[in-house]
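Engineer: Provided below for reference: sequence and predicted model.
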Amino acid sequence: MRTVLFIVQKEFIQVFRNRMMLPIIFVVPLIQLIILVHAATFEMKHIRMAVVDLDLSSSSRLMTGKFMGSPFFKVNFSSFSYKEAENEMKKGNVDVILSFPYGFEKKLMTEKFSKVQLVINAINGASAGLINAYAMIIILDYNREVLARNLDPSLLANGRNIQVTENYWYNPKLNYKTYMVPGILVLLVTIIGLLLSGMNIVREKEIGTIEQINVTPVKKIQFIAGKLIPFWILALLELVVGLSLGKLLFNIPIVGSLWLIFLSAGVYLLVILGFGLIVSTITQTQQQAMMISFFFLVIFILMSGLFTSIESMPDWAQWLDRFNPIAYFIRIMRMVMLKGSGFRDIRDSFFSLVIYGFCSISVAVWRYRKVA
C-alpha cells in the first residue's frame, strides 16, 4: 500500500509542477461546459422566413402575422415573385418560404377550402423536420380559428368541449439545457480522464523514466493503481465543480441522490481510465496515444445518445452501443439527476459499467510490460 501511495504522490507532484496542467484539467472543461450548453441544442429560434403573398388579403395577412408573432419565425424577406424568394433560399438567406396563391381568401370563403405552400430548406433533415412541425402547429391554429369563425355557432355549442391539460414530467419547462447538461458533464469528465491517462505512461516512455521504474521491485498492479488513482480523484473533483456550476448557472435540477451519482461516476471513471491506460501501454508516443484516444472517443460520443436518441439508431448500432460505456453513464446521469431514479432503476447500467471497468483495468495490467 505504501508503494502505491508513493507513486500517487509522485503523480500529484508532476501534475502540480506543470503550470499548464491544472488549467487544462479544470478551467478548459468548465469553459467548454458553458459554451456547449448554449451551443449544443436542437431548439430552433429566429427561423428565417420569406413570404410570397400574391393574394394580399386579410386572411393571408392574418396567417403571416401568426408566423411573425411566433418566437420561432422571423420574416426577413417579402416579395411577389416566388423566383426571388427561391434565390434567397439558394443564397442561404432564408430557411423557409410561405407562399399564398392568388385567390387564397376567395376560395377559402366560397369553397371552404384553400391551399398554402410551404417550402423548407431540407439540407439538414433534423432542422427541416422541426421547422415543418413548428409551421404545422401555427397553420393548424389558424385553421381552427377559421373553422370557429365560419361554422354555425349553434353547432359549436352542441359539440362537446375537450380540455387538454399538459403536464411535462422531469422537465416541466421543456428547457433543453436541463437535458444537455448531464450529458455534457459526462463528456467533459470522459475527455479529461481518457486523454490524461492515455498519455500518462507514454510520457514516461518519452522522457525515459519508465526504464527506471521497470527495474524497481514495484509490481505491475501497484504501478497501474498509482497511475490511475490521481486522475480518478481529479476527475471526480471536476465533476463536483461541473455539477456546482450547472446548478448555479443553469439551475439544473438534481432530484436523485448525489451519493449514487458519485458512486456511478467512480465506477465509470475506472472504465475510462483503464481504457486510457490500455492505449498508453500499446503506444510509444503521445501523438499516437492522442490519435487512438480521439478515434474511439468520437465514436463513443456520437453513439452515446448525447445528441441523438439511441432508440432511433439502426439495430446494429444499438447492439454495438452495448459496448459503449459513455452511453451507460449518460443514461445513469439523466435518470438520477432529472428523474430521481434509485439504484434499482439503474442497476443494469451500473453493473455493466462494473464489468466493463474490471475488464479494462485487467487488460491494462496485463498489457503493461514490466522488465525487472
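Structural biologist: Happy to help now that I have it. Everything numeric in this text was worked out from a predicted model, so none of it was measured. Residues are numbered from 1 along each chain as shown.

Engineer: okay, CA-based contacts and neighbour counts for the rest of this
Structural biologist: Fine.

Engineer: low-confidence ranges, the stretch 1-150 of the chain, go.
Structural biologist: For the stretch 1-150 of the chain, applying pLDDT under 70 flags the ranges 40-43, 150.

Engineer: try it again at 80.
Structural biologist: For the stretch 1-150 of the chain, residues meeting the criterion pLDDT under 80 lie at 1-3, 6-7, 10-30, 32, 36-45, 111-112, 124-126, 146-150.

Engineer: so where do the helices sit in it?
Structural biologist: 2-17, 21-22, 28-39, 58-69, 82-90, 104-110, 125-150 (DSSP state H, counting those that start in this stretch).

Engineer: quick one: which of these is nearest Met180?
Structural biologist: helix 28-39 (6.4 Å; CA to CA).

Engineer: as CSV, the helices of the stretch 1-150 of the chain with distance to Ser197 would be great.
Structural biologist: Output for the helices of the stretch 1-150 of the chain, formatted as CSV (distance: least, CA to CA, whole Å):
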stretch, distance to Ser197
helix 2-17, 11
helix 21-22, 13
helix 28-39, 16
helix 58-69, 52
helix 82-90, 47
helix 104-110, 66
helix 125-150, 36
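
Engineer: of all those helices, which lies closest to Asn200?
Structural biologist: Closest among these, using CA to CA: helix 2-17, at 9.4 Å.

Engineer: what's the single longest helix in this structure?
Structural biologist: Longest helix in the chain, counting residues (DSSP state H): helix 220-250.

Engineer: just want the angle from that helix to helix 28-39.
Structural biologist: For helix 220-250 against helix 28-39, the angle by axes from the mean of the first three to the mean of the last three CA atoms, to 10 degrees is 40 degrees.

Engineer: next SSE after helix 220-250?
Structural biologist: helix 258-282 (DSSP states H and E).

Engineer: how near is Ser309 to Met180?
Structural biologist: Distance, Ser309 to Met180, by CA to CA, to the nearest Å: 12 Å.

Engineer: okay, those two: which has more neighbours?
Structural biologist: Between Ser309 and Met180, counted using other CA atoms under 10 Å, Met180 has the larger neighbour count: 21 against 10.

Engineer: gap between whichever strand or helix holds the more buried one and the chain center?
Structural biologist: Per DSSP H and E: Met180 is located in helix 176-198. Counting by CA atoms, centre = their mean, to the nearest Å, helix 176-198 is centred 9 Å from the centre of its parent chain.

Engineer: okay, now the domains of the protein?
Structural biologist: By the assignment in automatic domain parsing, the chain contains the domains 2-40+172-367, 47-152.

Engineer: out of those, deepest packed?
Structural biologist: domain 2-40+172-367 (a mean of 18; mean count of other CA atoms under 10 Å).

Engineer: many thanks, we can stop here.
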